[in-house]
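**Student:** Have a look at this prediction, sequence included:
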Amino acid sequence: MTHTDEPESGTEPGERPDRPERPLLSAVLKPFAAPRLNMREDYEKVRRFQRRLASRPGAKYQALDRELVSADGTHEIPLRIFVPKELTRDEVLLFFHGGGWVTGDIESYSPSCATMAELTGCIVASVDYRLAPEHPFPAGLEDCLRITRLVLADPELVGAETPEQIVLVGDSAGANLAAVVSQQLRDSGEPGAARQILLYPVTHWDHDPHTSPFASVRNLGDDYRLTNTEVQDYLDLYAPIEADQRSARVAPLLATDFSSQPKTLLLSAGLDLLRDEGEAYAEALAAAGNDVRVHRVEGALHGFITLPRFSRSLREGYEVITEFLDAGLRGPGGEAGGA
């Protein structure tokens, strides 16, 4: 079953406007354009800024920190578990943060994870995977695979009772990792998560506006929040070997087999250069017979899940997420969905 939430628009499918129709809206969004950083040199500054921003006084939350041993026994992988004040759902959201595989961590994403727990009524378990360039591909992916395997084998590690209650969630590079984890578990013949929520994922390797097959890369890579150059810098830091960038383990849209994947919700952002490649990934999953829902948050910037709670984009996103969680493993009509 595939469900695509079409935005209200006077354009035909495939011809949706890539820019705000109202000049005032465009003027308001311009200040949120990504600062023109050289990520290859400035990633440590970005990390420090993100941590300072996350440490500002705000909503209080309770979290439990724990560490699980890596597959090779060489390091610990931290987890931070957020329990909402009112636990209303049985699902546990296993979360992989964004940040281009280079920035973002368990600290900088704690406010967003606390919001996720409160607005979904679910336990959220945030994974602090290793970051590039200190730990390039496949280090971060291996950490996410390890934690997913451990949690699916023993759901009580994160407060769940059954593997079916584990939902993979990721935003941006974290959504890329979630998608690749699901593919890798299928390829190795292991049971995967029954559901996944992919928020504006990176799924392709080419973000050059002159060569990319996606209109959003060509039209939205200069003005809003995330730029073509930054995405390429992130990819080069994460996977410095070009052949790795063009593999399905970095660019999951290049996979040759999309079958037997989790029931999927994919949220894209209308003003995000990654919009079209994310939606193309959902289309590939659906064409392979998976249960997929796609929802585009029009007017939203990349990374909207980290915005304050009063943000319209964030509220709309969580409305769709909670509907997806409430639907469980069955689609309309009672037919079983998912892999």
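**Tutor:** Sure, I can see it.

**Student:** Now do the strands in the stretch 101-250 of the chain.
**Tutor:** For the stretch 101-250 of the chain, the strands defined by DSSP state E, counting those that start in this stretch occupy 123-127, 166-171, 195-199.

**Student:** Make CSV from those and add mean neighbour count and mean pLDDT to it.
**Tutor:** Placement of C-beta: from N, CA and C, glycine included. Putting those into CSV (neighbours: other CB atoms under 10 Å; pLDDT from 0 to 100) gives the following:
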stretch, mean neighbour count, mean pLDDT
strand 123-127, 26, 98
strand 166-171, 28, 98
strand 195-199, 27, 98
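
**Student:** helices and strands of the chain: which one bottoms out on pLDDT?
**Tutor:** In the chain, the helix or strand scored least confidently by mean pLDDT, DSSP states H and E is helix 23-29, which has a mean of 45.

**Student:** From residue 111, how far out is the residue nearest to residue 107 when sequence neighbours are not counted?
**Tutor:** Nearest residue to residue 107, sequence neighbours excluded (CB to CB, 6 or more residues apart in numbering): residue 51, at 5.2 Å. For residue 51, the distance to residue 111 (CB to CB, to the nearest Å) stands at 11 Å.

**Student:** These two: which is more packed in?
**Tutor:** Remark: of residue 51 and residue 111, residue 111 carries more neighbours, 19 against 15, as counted by other CB atoms under 10 Å.

**Student:** how close does that one get to residue 219?
**Tutor:** Going from residue 111 to residue 219 by CB to CB gives 31 Å.

**Student:** Over to residue 289?
**Tutor:** Taking CB to CB, one finds residue 289 at 32 Å from residue 219.

**Student:** Settle it for me: which of the two has more neighbours?
**Tutor:** Per other CB under 10 Å, whichever of residue 289 and residue 219 has more neighbours is residue 219, with 17 against 14.

**Student:** quick one: contacts for residue 89?
**Tutor:** 120-122, 325 (CB atoms under 8 Å, 6 or more residues apart in numbering).

**Student:** Now rank those by neighbours and give me the top one.
**Tutor:** Busiest of the contacts of residue 89 [other CB under 10 Å] is residue 122, holding 27 neighbours.

**Student:** which residues does it contact?
**Tutor:** Residues in contact with residue 122 (CB under 8 Å, 6+ apart) are 84, 87-89, 91-93, 116, 167, 325.

**Student:** same thing with residue 78?
**Tutor:** If you count contacts by CB under 8 Å, 6+ apart, residue 78 has them with 65-67, 106, 127-128.

**Student:** Check residue 142 too.
**Tutor:** With CB under 8 Å, 6+ apart, residue 142 has these contacts: 70-71.

**Student:** could you list every residue that touches residue 80?
**Tutor:** With contact taken as CB under 8 Å, 6+ apart, residue 80 is in contact with 63-65, 106, 110, 113, 125-126, 128.

**Student:** List the buried residues of the strand or helix carrying it.
**Tutor:** Using DSSP states H and E, residue 80 sits within strand 76-82. In terms of neighbour count (16 or more other CB atoms under 10 Å), strand 76-82 has its buried residues at 77-82.

**Student:** Please convert the residues you listed to JSON lines, extending it with distance to residue 178 and pLDDT.
**Tutor:** JSON lines is the format used below for the buried residues of strand 76-82 (distance: CB to CB, whole Å; pLDDT from 0 to 100):
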{"residue": "77", "distance to residue 178": "16", "pLDDT": "98"}
{"residue": "78", "distance to residue 178": "18", "pLDDT": "97"}
{"residue": "79", "distance to residue 178": "15", "pLDDT": "97"}
{"residue": "80", "distance to residue 178": "17", "pLDDT": "96"}
{"residue": "81", "distance to residue 178": "18", "pLDDT": "97"}
{"residue": "82", "distance to residue 178": "18", "pLDDT": "96"}
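
**Student:** Now which of the contacts of residue 122 would you call buried?
**Tutor:** 84, 89, 91-93, 116, 167, 325.

**Student:** now, which of those residues lie within strands?
**Tutor:** In strands, defined here by DSSP state E, the members of these are 92-93, 167.

**Student:** Could you list the low-pLDDT ranges of the stretch 201-339 of the chain?
**Tutor:** Residues of the stretch 201-339 of the chain that meet the criterion pLDDT under 70 lie in 224, 330-339.

**Student:** hmm, back to that, so which of the contacts of residue 78 is the most crowded?
**Tutor:** Highest neighbour count within the contacts of residue 78: residue 127, with 25 neighbours (other CB under 10 Å).

**Student:** For the nearest residue to that one once chain neighbours are set aside, which residues are in contact?
**Tutor:** Distance criterion CB to CB, 6+ apart; nearest residue to residue 127, sequence neighbours excluded, is residue 147 at 5.1 Å. If a contact means CB under 8 Å, 6+ apart, then residue 147 has 68, 77, 79, 94, 127, 129 as its contacts.

**Student:** And the fifth one, how far from residue 287?
**Tutor:** From residue 127 across to residue 287, the span is 30 Å (CB to CB).

**Student:** Kindly report the same for the first one.
**Tutor:** Spatial separation of residue 68 from residue 287 under the definition CB to CB is 36 Å.
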